[in-house]
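Chemist: Need coordinates for the below:
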Amino acid sequence: MKTIGLIGGMSWESTLSYYRIINETVRDRLGGLHSAKVLLYSAEFAEIQKLQAAGDWGRAGEVLADVAKRLQGAGADFVAVCTNTMHVVADAIESAIDIPLLHIADATGEAIVATGAERIGLLGTRFTMEREFYLRRLADRFGLDVRVPGEDDRDEVHRVIFEELCVGALRPPSRDTYVRIIEELAGQGAEGVILGCTEIGLLVDSSDVSVPLFDTAAIHARTLAETALAE
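Modeler: Residues are numbered from 1 along each chain as shown. The predicted model follows:
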């Protein structure tokens, strides 16, 4: 079994889900007392969030690249960033290490393509919904037509993530807002919706809406476990 290097803490709320799903997947595959080999570096999210807000992606990339190097040095066979937004600095991380970075958008894109869906909605932080690093990767690598909510709804989705979900607050009015936005994307032709922030799956799931949801935290975590188990 390979050793997984996790860059977590952004936020730790969703990193908990990663750890649980990875170990559940290994247990289900191998049975008994089996669990995953995991190295976890939990970042101090307040420091990362300040860099996000300032648009200092260069410094953010340096910070996470240093973390990736530490995980490689500790024996990780591959690394993963347990957040969608910070894949904006994926190139900086990859260039700093000699082991693979398993990109969250690739795992998600493969899961979507396997269902046959082509037109897909996306919820996430404003950075993920508006910057090319995520949308372009899904379009170029997987041929997906990705739709995002209108500006006001993007603002609200972003606000809920940082002010509520990242601090563990799961509020019914915010769930109702997310459900409305998802259903509106479905009404515009989306065949499913990406939960493109690793905390969103804590708030809504497929039982709340009429279209398939692609929970990036769960998809990514299962992919990491399967990769660790692969010969």
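Chemist: ranges for the helices of the chain?
Modeler: Secondary structure of the chain (DSSP state H): helices at 12-30, 45-54, 57-74, 90-96, 104-115, 126-130, 132-142, 151-163, 172-187, 216-229.
Chemist: Rounded mean pLDDT for the fifth one, please.
Modeler: With pLDDT averaged residue by residue, helix 104-115 scores 97.
Chemist: Next, the buried residues of it.
Modeler: 104-109, 111-112 (16 or more other C-beta atoms under 10 Å). (Each C-beta comes from the backbone N, C-alpha and C, glycine too.)
Chemist: Tell me which of the helices of the chain sits nearest to residue 195.
Modeler: Taking C-beta to C-beta, helix 216-229 is the member of the helices of the chain nearest to residue 195, at 5.9 Å.
Chemist: got CSV for the helices of the chain, with distance to residue 203 too?
Modeler: What follows is the helices of the chain, written out as CSV (distance: least, C-beta to C-beta, whole Å):
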stretch, distance to residue 203
helix 12-30, 11
helix 45-54, 18
helix 57-74, 25
helix 90-96, 26
helix 104-115, 18
helix 126-130, 16
helix 132-142, 20
helix 151-163, 8
helix 172-187, 5
helix 216-229, 12
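Chemist: Quickly note the distance from the residue of the chain most remote from its centre to residue 26.
Modeler: Most distant residue from the mean C-alpha position of the chain: residue 32, 29.0 Å away (C-alpha atoms, centre = their mean). Applying C-beta to C-beta, to the nearest Å, the value for residue 32 to residue 26 is 11 Å.
Chemist: just residue 118 next, same as before
Modeler: On the measure of C-beta to C-beta, residue 118 and residue 26 end up 32 Å apart.
Chemist: higher neighbour count, the two?
Modeler: More crowded of residue 118 and residue 26, by other C-beta atoms under 10 Å: residue 26, with 22 against 14.
Chemist: residues in contact with the nearest residue to the more buried one once chain neighbours are set aside?
Modeler: Once flanking residues are discounted, residue 26 sits nearest to residue 36: 4.5 Å by C-beta to C-beta, 6 or more residues apart in numbering. Shown in contact with residue 36 (C-beta atoms under 8 Å, 6 or more residues apart in numbering): 1, 4, 22-23, 25-26, 225, 228.
Chemist: try 6 Å this time
Modeler: Residues near residue 36 by C-beta atoms under 6 Å, 6 or more residues apart in numbering: 22-23, 26.
Chemist: How about residue 69?
Modeler: 96-97.
Chemist: Recalculate using a threshold of 10 Å.
Modeler: 79, 93, 96-99 (C-beta atoms under 10 Å, 6 or more residues apart in numbering).
Chemist: distance of the residue nearest to residue 26 from residue 231?
Modeler: Taking C-beta to C-beta, one finds residue 36 at 16 Å from residue 231.
Chemist: per the record, what domains does the protein have?
Modeler: Following automatic domain parsing, one gets these domains for the chain: 3-103+219-229, 104-216.
Chemist: How far off centre is the last one?
Modeler: On the basis of C-alpha atoms, centre = their mean, to the nearest Å, domain 104-216 sits 10 Å off its chain's mean C-alpha point.
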